[in-house]
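J.: would you be able to build a 3D model of this:
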Amino acid sequence: MTSASIQPVEPGNEPPVTTQQAHRIANDRGAIETAKRLAEEFVKGASARDRERQLPHAELEALSQSGLLAITVPREFGGIDVKAATLAEVTAILSEADASIGQIPQNHFYILEALRIDGTRDQQAFFFDRALQGDRFGNALSEKGTKTVAHYNTRIVPDGSRYRINGRKFYSTGVLFADWVVIFANDHEERITMSFVPRDTPGLTLVDDWSGFGQRTTGSGTTIIADVIVEAHAVVQHHKGFDRPSTIGSVGQIIHAGVDLGIARAALKETIDFVRTKSRPWMDSGVERASEDPHTIGRIGDLAIRIDAATALLARSGDLVDTAKADPSEENVIAASLSVAGAKVLTTEAALQATNVLFELAGTSSTHTNLNLDRHWRNARTHTLHDPVRWKYHVVGNYLLNDVAPPRHGAL
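T.: Next up, the predicted model:
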C-alpha cells in the first residue's frame, strides 16, 4: 500500500502496510461465509469506532485480504463473478456489523462494474488483477457547488501523450483507505471519464474532513486534484456505459440497498435484545415483562415482516440484474433498474423505521449516550440520503403509466 498526501490522522488510525496476497474465494457460498466471519469481528468495535471516530484501517485490510473485494471480477479474468444477490447480501451482512465498513466498498464495486462495461481489454486485465491481489479502489466523484450531483467542474485535458486533471471532490467515500483513487472528470466535450490514479501520485491530496453525524468512519473526505498527471491507459471512457443499456447503475444501487438492509437488521436485533433484557412494561399494560406487551409484540412483528419483504425483493432484484448482465437488452436493463429501485425504497423505509422503533419500544433508557444506540439512526438517516427514494417512486410510476424508460445514470 502506498502513501499519499493526506491530512494526519490520530495515532492508532494509521493505515497498515499490505504484506500478503489476498485470499481467493471459491464461490458464492464462500463469499457469504467469509462475510459472516468478518462481521463477527467487525461488530465488536463498531460502537467504539463510531463514538471516537476511529477509522477502520485494520478492518479494511482484513476485508482486502479476505478476497471479498474481488468477488465481482469476471471469470474470464480469474474471478468468480458472484450473483448480484450475493453481492447485496454480503453488503448487508457487513453493514449489520458496521454500517460504515459496509458502505466503503460500494464505490469499489461500482468501479469494477464500470470497468467491466467501459474498459478496454488491457484495462480490464490489469485492474481486475489488482482487485484480485487485494487492491482497494476509492472514488473521487461527488462535488459541491454544482447545479446538480450529475454536474462536474473537475476537468481532464490532454498533456502530451498523457492527461492532466484538476478539480476538487467532496464525499469521496472510502478514499482514505484506497490504493487507487478513481477520479471522475469531464473532458472537453463534457463526457464523463474515470481515471485510475495511485494514491501517492503528486498533486493528489486526501483530506480527512468528513463531518457527517452518521457513517462517521467511511473515510468520506475531500479529494484535491491539482495538476494530477494520469497515463492514457488508465483513463476509462465512462460515458460509454450510459450510451447504451447497462447494469452500472443497478449494480451500484443494489449495494446501497444492501447497506440499508444491514442497518435495519442491526436495529431490529438491538430492539429485541433491549426489550427482552432492559425495558420495563408500561404501567397500564398489565403484563410482567415489556416483551409481553401486545403493542410491542405487534410492532416487532410488523418490522420483521417489512425487513423480510425488503430482503426478498433485494434477492429478486439480484436475479434480474444477473439476467441483464448476461443479456443487456433494453427490456432486461429496465426490468433490473425498476426492481432495484423498488428494493432501494423498501430497504430505505425499513432502515428508517427500524432505527426509530428501536427507541420507541426500548424506552428512555435506550437513549443513554454510553449505549450509542443512536448510531443506527444516524447511519440510516445519513446513508438513505443517497439517491432520494422519492425519485425511485417516480421512475417506477412513470414507466408503468407513460412507458417512460428510466434515465441512464449511476443512480438507477
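J.: was I right to think Ser161 contacts Val230?
T.: No. In this structure, Ser161 is not within contact of Val230 by CB atoms under 8 Å, at 11.3 Å. Every residue, glycine included, has its C-beta placed from N, CA and C.
J.: I'd say Ser329 and Arg244 touch.
T.: No. Counting by CB under 8 Å, Ser329 stays clear of Arg244, with 10.2 Å between them.
J.: host element of Val181?
T.: Of the helices and strands defined by DSSP states H and E, Val181 is found in strand 180-186.
J.: contacts for that strand, please.
T.: In this structure, residues lying in contact with strand 180-186 by CB atoms under 8 Å, 6 or more residues apart in numbering are 4, 107, 111, 127, 130, 135-141, 152, 154-156, 165, 167, 169, 172, 175, 192-199, 201, 204, 206, 223, 225, 228, 230, 238.
J.: so of those residues, which ones are in helices?
T.: Using DSSP state H, the members of the contacts of strand 180-186 that fall in helices are 107, 111, 127, 130.
J.: nearest to Trp377 among the residues you listed?
T.: The shortest approach to Trp377 among the ones in helices among the contacts of strand 180-186 belongs to Asn107, at 23.8 Å (CB to CB).
J.: tell me how far that closest one lies from Ala125.
T.: In this structure, Asn107 and Ala125 are separated by 21 Å, where distance is defined by CB to CB, to the nearest Å.
J.: same deal with Gly102?
T.: In this view, Gly102 and Ala125 are 29 Å apart by CB to CB.
J.: next one: Glu190
T.: Counting by CB to CB, the separation of Glu190 from Ala125 is 29 Å.
J.: likewise for Ala62?
T.: In this view, Ala62 and Ala125 are 27 Å apart by CB to CB.
J.: looking at these two, which one has more neighbours?
T.: When neighbours are counted by other CB atoms under 10 Å, Ala62 comes out ahead of the other of Ala62 and Ala125, with 17 against 13.
J.: flag the shaky bits of this structure, pLDDT-wise.
T.: Low-confidence regions of the chain, defined here as pLDDT under 70, cover residues 1-20.
J.: for Ala380, state which of the ones in helices among the contacts of strand 180-186 is nearest.
T.: For the ones in helices among the contacts of strand 180-186, the minimum distance to Ala380 (CB to CB) is 19.4 Å, reached by Asn107.
J.: so what's that closest one up against?
T.: Shown in contact with Asn107 (CB under 8 Å, 6+ apart): 137-139, 141, 173-174, 182.
J.: got those as JSON lines, with distance to Arg24 and neighbour count columns?
T.: JSON lines is the format used below for these (distance: CB to CB, whole Å; neighbours: other CB atoms under 10 Å):
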{"residue": "Phe137", "distance to Arg24": "18", "neighbour count": "24"}
{"residue": "Gly138", "distance to Arg24": "23", "neighbour count": "27"}
{"residue": "Asn139", "distance to Arg24": "25", "neighbour count": "24"}
{"residue": "Leu141", "distance to Arg24": "29", "neighbour count": "25"}
{"residue": "Thr173", "distance to Arg24": "26", "neighbour count": "26"}
{"residue": "Gly174", "distance to Arg24": "22", "neighbour count": "24"}
{"residue": "Val182", "distance to Arg24": "23", "neighbour count": "26"}
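J.: give me the PyMOL select line for the contacts of strand 180-186, limited to the buried ones.
T.: A single PyMOL command selects the buried members of those (16 or more other CB atoms under 10 Å):
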select buried, resi 4+107+111+127+130+135+136+137+138+139+140+141+152+154+155+156+165+167+169+172+175+192+193+194+195+196+197+199+201+204+206+223+225+228+230+238
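J.: okay, the helix or strand where Ala35 lies in CSV with CA atoms only?
T.: Using DSSP H and E, the secondary-structure element containing Ala35 is helix 28-42. Below are the C-alpha coordinates for helix 28-42, written out as CSV (Å, rounded to 0.1, in the frame of the first residue of the first chain):
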residue,chain,number,x,y,z
ASP,A,28,-21.0,-17.5,-3.8
ARG,A,29,-21.3,-19.6,-0.7
GLY,A,30,-17.7,-18.9,0.3
ALA,A,31,-18.4,-15.2,-0.1
ILE,A,32,-21.3,-15.3,2.3
GLU,A,33,-19.4,-17.4,4.8
THR,A,34,-16.4,-15.1,4.6
ALA,A,35,-18.6,-12.0,5.2
LYS,A,36,-20.2,-13.6,8.2
ARG,A,37,-16.8,-14.5,9.7
LEU,A,38,-15.6,-10.9,9.2
ALA,A,39,-18.8,-9.5,10.6
GLU,A,40,-18.3,-11.3,13.8
GLU,A,41,-15.1,-9.5,14.3
PHE,A,42,-16.1,-6.1,12.9
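J.: then the next helix or strand after it to PDB, C-alphas only?
T.: Per DSSP H and E, helix 28-42 leads on to helix 46-52 as the next helix or strand towards the C-terminus. Taking only C-alpha atoms (Å, rounded to 0.1, in the frame of the first residue of the first chain), the coordinates of helix 46-52 have been written out as PDB:
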ATOM      1  CA  ALA A  46     -18.200  -0.900  15.800                       C
ATOM      2  CA  SER A  47     -19.800   1.300  18.500                       C
ATOM      3  CA  ALA A  48     -16.400   2.500  19.800                       C
ATOM      4  CA  ARG A  49     -15.200   3.300  16.300                       C
ATOM      5  CA  ASP A  50     -18.300   5.400  15.700                       C
ATOM      6  CA  ARG A  51     -18.100   7.200  19.100                       C
ATOM      7  CA  GLU A  52     -14.400   8.000  18.800                       C
END
